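Novice: Attaching a predicted model along with its sequence, questions to come.
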Amino acid sequence: MARFFIENYGCQMNAAEADSLRTLLIASGHAEETDPARADIVIINTCSVRKTAEQRIIGRLGFYRGLNQQNGTKIRSVIMGCMSLHSGKELRAQFPDIVGLVWGTYHKEQIIPYLNRLASGITIKEEHLDWDTFDFLEASPEEQFPFKAFVPIAHGCDNYCSYCIVPYVRGHEVHRPAGEIMDNIAKLASQGVLDICLLGQNVNSYRDGNMRFPELLAKIAAESGIPRITFLTSHPKDFSKELARTMSEHPSIMPFLHLPFQSGSDRILAAMNRKYTAADYMEKIGWAKEIPGIALSTDILVGFPGETDEDFEATMRIVEEVRFQDAYMYRYSTRPGTAAEKLPDQVPEKVKLERLARLIPRQKTIGRELLTPYTGEIHTALIESVSKKSRHILSGRTHNNIQIFVPGEETLIGTIVRVMITGASGMGMKGEII
Ligand code: SAH
Ligand code: SF4
Ligand code: F3S
């Protein structure tokens, strides 16, 4: 038996895989520690989407080296996930005292048989960094919110956006058979899960034979009994009128859509290999805005090589025209092996930061303005946790995924309540349970 601690970085796909791995580790007799200093093995599920993500992981390995030196502990780590693919060997060479096993993005559960040997201090040379057949792990309830679950339905990506490392670390896009998805969701429902998020790097390009994503979504909504269903991440090129219609037709499909646009400039979008123009994107946003109660969010990338002030203004225009509830805004980070790595005309860091410094506050203002009309309305919300502010204030999410704070008792965590909205609170709202 080994005492393990899982550190997770990156996107929801990594979170889903960590949740599945945790379930399997416990089922095979290993014990989870809540404090890494007491663990034999720290499993670091890495991300390499931006340089900053990788730097954090290097920092963590340094932290564990320091901990072992100070306390005489013998913590060893498993480096798994996206960063292993191109940096695993380097990390092993730089931290031979800490890194006991390097593993990639496929068959994460196959590290389990190595755990006892690792815990006794043995370094394991075997590794799995190549892509063969991808097996979807059974999705488990989330560790933090056991009434919610991420359910991977697609994995990998064939889009090759020129800035993005994901296709090189996750491999080709594969789709999980619909029957297996339905069985997994039925089991989650029987475990009391109320909220599922279907996952894929490019979730809305899903297909199984003749069944496309809107049909799968409709089937889950009709048959699973799960009251809250959402999905991430949609690519604009695959967002169809039919998908918007399916979202409108089923009350259990949450009126929430995350649709990254990255840039508002057609020239930059072409250089990014995004396969749509700003006008195409706006047309699709038009369809999405027909969905009753819809809240929109997006990803925006500033400072792609060659981005001029004019290109950036086009990005600002989309932000003004669409009015997103929320946005994840990043500055471009050069990734090894991607097509954009070799592009001339890299934008200086200072300019990227200046652009973000204009974009972020403007988007936040829009997000807050969009909250005003909710005051006085009644919405349902899933109560997730006690808020950070006070033990007597609960934090939840409305059906369109906006954070809401309500006074109430801890026993309400994991239940769906009706809430009267009384105003805005930061980037979310506050209300009273009715
Ligand atoms: N599959 C999803 C998201 C993948 S990564 C999609 O297609 O939208 C999540 C976000 O990280 C991207 O939407 C992009 O905005 C950002 N990102 C990806 N590569 C990046 C890079 N090299 N530098 C900075 N941000 C990046
Ligand atoms: Fe990366 Fe583009 Fe694939 Fe998203 S669609 S994972 S941004 S290559
Ligand atoms: Fe990061 Fe890998 Fe996800 S690079 S964003 S953990 S697919």
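Specialist: Everything's here; your move. Fair warning: this is a prediction, and the values are worked out from it, not measured in the lab. Ligands and ions are numbered 1, 2, ... in the order given.
Novice: Give the burial count for residue 127, as a bare number.
Specialist: Counted by other Cβ atoms under 10 Å, the residues lying close to residue 127 total 17. For glycine as for every other residue, the C-beta is placed from the backbone atoms N, C-alpha and C.
Novice: oh, I was asking about residue 41
Specialist: Residue 41 has 25 neighbouring residues, counting by other Cβ under 10 Å.
Novice: hey, what's it bridged with?
Specialist: residue 4, residue 76 (DSSP bridges).
Novice: if I look at it, how far off is ligand 3?
Specialist: According to Cβ to the nearest ligand atom, to the nearest Å, residue 41 stands 20 Å off from ligand 3.
Novice: these two touch, right, that residue and residue 121?
Specialist: No. In this structure, residue 41 is not within contact of residue 121 by Cβ atoms under 8 Å, at 10.8 Å.
Novice: Tell me which helix or strand whatever residue of the stretch 301-434 of the chain ends up closest to ligand 3 sits in.
Specialist: Closest contact between the stretch 301-434 of the chain and ligand 3, by Cβ to the nearest ligand atom, is at residue 335 (9.1 Å). Residue 335 belongs to no helix or strand when assigned by DSSP states H and E.
Novice: dump the residue contacts of the residue nearest to it when sequence neighbours are not counted.
Specialist: Excluding its sequence neighbours, the residue lying closest to residue 335 (Cβ to Cβ, 6 or more residues apart in numbering) is residue 165, at 4.1 Å. By Cβ atoms under 8 Å, 6 or more residues apart in numbering, residue 165 lies in contact with 48-49, 82, 86, 335-338.
Novice: ditto for residue 422
Specialist: 375, 430-432.
Novice: Filter these down to the buried ones, ChimeraX style.
Specialist: The following ChimeraX line selects those of the contacts of residue 422 that are buried, judged by 16 or more other Cβ atoms under 10 Å:
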select :430,431
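Novice: okay if I get the contacts of residue 422 as CSV plus pLDDT and distance to ligand 3?
Specialist: Compiled in CSV, the contacts of residue 422 are given as follows (pLDDT from 0 to 100; distance: Cβ to the nearest ligand atom, whole Å):
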residue, pLDDT, distance to ligand 3
375, 98, 36
430, 97, 32
431, 98, 33
432, 98, 37
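Novice: between the contacts of residue 422, which is nearest ligand 1?
Specialist: Checking the contacts of residue 422 against ligand 1 with Cβ to the nearest ligand atom, the nearest one is residue 430 at 29.9 Å.
Novice: if I read this right, that closest one contacts residue 406, doesn't it?
Specialist: Yes. Residue 430 lies in contact with residue 406 (Cβ under 8 Å); the separation is 7.0 Å.
Novice: Report the buried residues of stretch 407-415.
Specialist: 408, 413-414.
Novice: sorry, that was for stretch 262-276
Specialist: Result for stretch 262-276 [16+ other Cβ under 10 Å]: buried residues 262-266, 268-269, 271-272, 274, 276.
Novice: Point out the ones among the residues you listed that are inside helices.
Specialist: If you go by DSSP state H, the buried residues of stretch 262-276 have 266, 268-269, 271 in helices.
Novice: Burial check on the closest residue to ligand 2 within the stretch 1-150 of the chain, number of neighbours?
Specialist: Nearest to ligand 2 in the stretch 1-150 of the chain, going by Cβ to the nearest ligand atom, is residue 49, at a distance of 8.0 Å. Residue 49: 20 surrounding residues under other Cβ under 10 Å.
Novice: likewise the one 4 residues further on?
Specialist: Residue 53 sits with 16 neighbouring residues when counted by other Cβ under 10 Å.
Novice: The residue of the stretch 1-150 of the chain closest to ligand 2: what's it in contact with?
Specialist: Here residue 49 is in contact with 10-11, 82, 164-166, 335 (Cβ under 8 Å, 6+ apart).
Novice: Please identify which pair of these lies farthest apart.
Specialist: 11 and 335 (14.8 Å; Cβ to Cβ).
Novice: Strands of the stretch 251-400 of the chain, start to end?
Specialist: 256-258, 295-302, 326-331, 378-386, 393-398 (DSSP state E, counting those that start in this stretch).
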